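> Okay, structure incoming, though there's no sequence with it:
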């Protein structure tokens, strides 16, 4: 009877450790995704900024080549375009960082759930062993 209790305790311990270790691995994967999201966001923001500068530069070059003055309506259009591009860049940055934050919170939740699950397994198993003795 004692050897059965020992085997049960070892099995319960291994099960709890497996739960804990699995949650740590999942959390690490989510953290990696969060880092990737931050890097992708930074890349996309730089690309949007370069693209926006190119759009405004081409428009100015075309107007300059056609002899249109850079005052009044053309200048206002450029200013509005620059503001819109800046808004789009900021929104992209905000959304990317928000996605990374959600992934990080998910990692923390997964890790906590793994710890709670492991403790629960230990308590449940310990209770069953005690009941069967």
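That came through, no problem. All of these numbers come straight from a predicted model, not from anything done at the bench.
> how far away is residue 101 from residue 107?
As for residue 101, its distance to residue 107 is 11 Å (criterion: CB to CB, to the nearest Å). Every C-beta, even on glycine, is put in place using the N, C-alpha and C of the backbone.
> Return every residue with contacts to both of those two.
Overlap of the contact sets of residue 101 and residue 107 (by CB atoms under 8 Å, 6 or more residues apart in numbering) consists of residue 34.
> Neighbour count for those two, which is higher?
Counted by other CB atoms under 10 Å, residue 101 and residue 107 do not tie: residue 107 has more neighbours, with 21 against 13.
> other SSEs contacting the one helix or strand residue 82 maps to?
Under the criterion DSSP states H and E, the helix or strand holding residue 82 is helix 73-132. Packing partners of helix 73-132 (3 or more CB pairs under 8 Å, 6 or more residues apart in numbering; DSSP states H and E): helix 2-66.
> same question for the helix it packs on, mean pLDDT?
pLDDT averaged over helix 2-66 equals 88, rounded to a whole number.
> other SSEs contacting it?
Of the remaining helices and strands, those touching helix 2-66 by 3+ CB pairs under 8 Å, 6+ apart are helix 73-132.
> Okay, angle between the helix it packs on and helix 2-66 too, please.
Orientation of helix 73-132 against helix 2-66 (axes from the mean of the first three to the mean of the last three CA atoms, to 10 degrees) gives an angle of 180 degrees.
> Pull the distance from helix 73-132 to the chain's centre.
Relative to the centre of its chain, helix 73-132 is centred 5 Å away, using CA atoms, centre = their mean, to the nearest Å.
> what does stretch 42-57 give?
Average the C-alpha atoms of stretch 42-57, do the same for its chain, and the two points are 23 Å apart (CA atoms, centre = their mean).
> ok, residues contacting that stretch?
Residues outside stretch 42-57 that contact it (CB under 8 Å, 6+ apart): 78, 81, 82, 85, 86, 88, 89, 92, 93, 96.
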